[in-house]
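In: Structure for this input, please:
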Amino acid sequence: MVMKFPYLGPSLFSVLALVSVFASGFGKGLPILSFDEGYNQLFGDDNLAIHRDGKAVHLTLNERTGSGFVSQELYLHGYFSASIKLPADYTAGVVVAFYMSNGDIFEKNHVEIDFEFLGNIRGKDWRIQTNVYGNGSTSLGREERYNLWFDPADDFHQYTILWTDSQIMFYVDNIPIREFKRTAAMGGDFPSKPMSLYATIWDGSDWATNGGKYRVNYKYAPYVAEFSDLILHGCTVDPLELSSKRCDDVQSPELLKTRITPSQRSKMDSFRKKHMTYSYCYDQTRYKVPPPECMVNPQEAERLKKFDPVTFGGGRRRHGKQHHRSRANWSEADSI
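Out: Numbers count the residues shown, from 1 in each chain. All right, here's what the predicted structure looks like:
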């Protein structure tokens, strides 16, 4: 469904605040919206519950259904953030997603920017996956997977997407974990069309945990993901125009050059060395030649090979079955 809301244009305050975000990489001082101010329920009926006077949302997955919400506005670039606490205990097959998409508008050539949290069996940690694709290029997945340095079910942690016309940044607790730059070679695969922000919880039994080996066990339901500190701060777009460029003045090259400080880059490099377990750039079973934007690092390739010698070493895979994931029956993409 296409959300139709009046376009008011960015206020001077919004533009200046967004400039500050792009320059610093942090969202301190940005307004936190209540649910009614920025979002609509997507699916799930009473499996979505609003708390703290609209400042927090609980999404539940049970045997009946999952649940989710979507932003009221379409955005072309901006800063999108939420503090999230994930379900605890046995969570195999459970997928919690915080992402941007326009699949409801462009069925054949939509784009996405994803945070996906993949549940696990008892005693094993949640994993986090990021993904970027454009023009419906779901066959060219750009996934990365990581372990976390904390238990995301113990407390709230902040997850942020920063999207500009030339770069996408993923942050966890204000630490950058991934930088995705636009290149001429990738053409339309860089997300460059207006998108909505989504948050969902759903049953990904077919693929999410060990390729579908461990499925959701509803004996441990309900599974509840808690969201708070919701920030939607970007360039709103009239849903009828879609190609509006009214926020280009916040995308100046000077700001983009200063977005990541040396300290932040050092933290990002450290995170990736310690916690990244999968990168599409090194997946030799999927890509005989790495996608054009990949900068192959031999040391990184050697380190990832320890996690999966077949995937990252070019060996022969014994079980070549591929699994597919669906997001609540209204969006599909290939899994890794």
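
In: where are the low-confidence patches of the stretch 201-336 of the chain?
Out: 243-259, 314-336 (pLDDT under 70).

In: what about the helices in it?
Out: Applying DSSP state H, counting those that start in this stretch to the stretch 201-336 of the chain gives helices spanning 253-257, 262-275, 298-305, 309-313.

In: Nearest to Leu30 among the ones you listed would be which one?
Out: Evaluated over those, closeness to Leu30 peaks at helix 253-257, with 15.9 Å, by CB to CB. Any C-beta I mention is one placed from the backbone N, CA and C, and that applies to glycine too.

In: From what I see, Ile32 and Asp229 are in contact.
Out: Yes - using CB atoms under 8 Å, Ile32 makes contact with Asp229 at a distance of 5.4 Å.

In: Overlap in contacts, these two.
Out: The contact sets of Ile32 and Asp229 overlap at Lys55 (CB atoms under 8 Å, 6 or more residues apart in numbering).

In: if we can go back for a sec, tell me which of the helices of the stretch 201-336 of the chain sits most buried.
Out: Counting by mean count of other CB atoms under 10 Å, helix 309-313 has the highest mean neighbour count of the helices of the stretch 201-336 of the chain, with a mean of 16.

In: so what secondary structure elements neighbour it?
Out: Packed against helix 309-313 by the contact rule (3 or more CB pairs under 8 Å, 6 or more residues apart in numbering; DSSP states H and E) you find helix 298-305.

In: where's the helix it packs on relative to the chain centroid, distance-wise?
Out: 24 Å (CA atoms, centre = their mean, to the nearest Å).

In: Which residues does it contact?
Out: By CB under 8 Å, 6+ apart, the surrounding residues in contact with helix 298-305 are Arg272, Lys273, Met276, Thr277, Tyr278, Ser279, Tyr282, Phe312, Gly313.

In: C-alpha coordinates for it, PDB please?
Out: The C-alpha trace of helix 298-305 is given here as PDB (Å, rounded to 0.1, in the frame of the first residue of the first chain):
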ATOM      1  CA  PRO A 298      43.400 -10.800   1.700                       C
ATOM      2  CA  GLN A 299      43.700 -10.700   5.400                       C
ATOM      3  CA  GLU A 300      40.000 -10.400   5.900                       C
ATOM      4  CA  ALA A 301      39.400 -13.200   3.400                       C
ATOM      5  CA  GLU A 302      41.700 -15.500   5.300                       C
ATOM      6  CA  ARG A 303      40.000 -14.600   8.600                       C
ATOM      7  CA  LEU A 304      36.500 -15.300   7.300                       C
ATOM      8  CA  LYS A 305      37.700 -18.600   5.800                       C
END
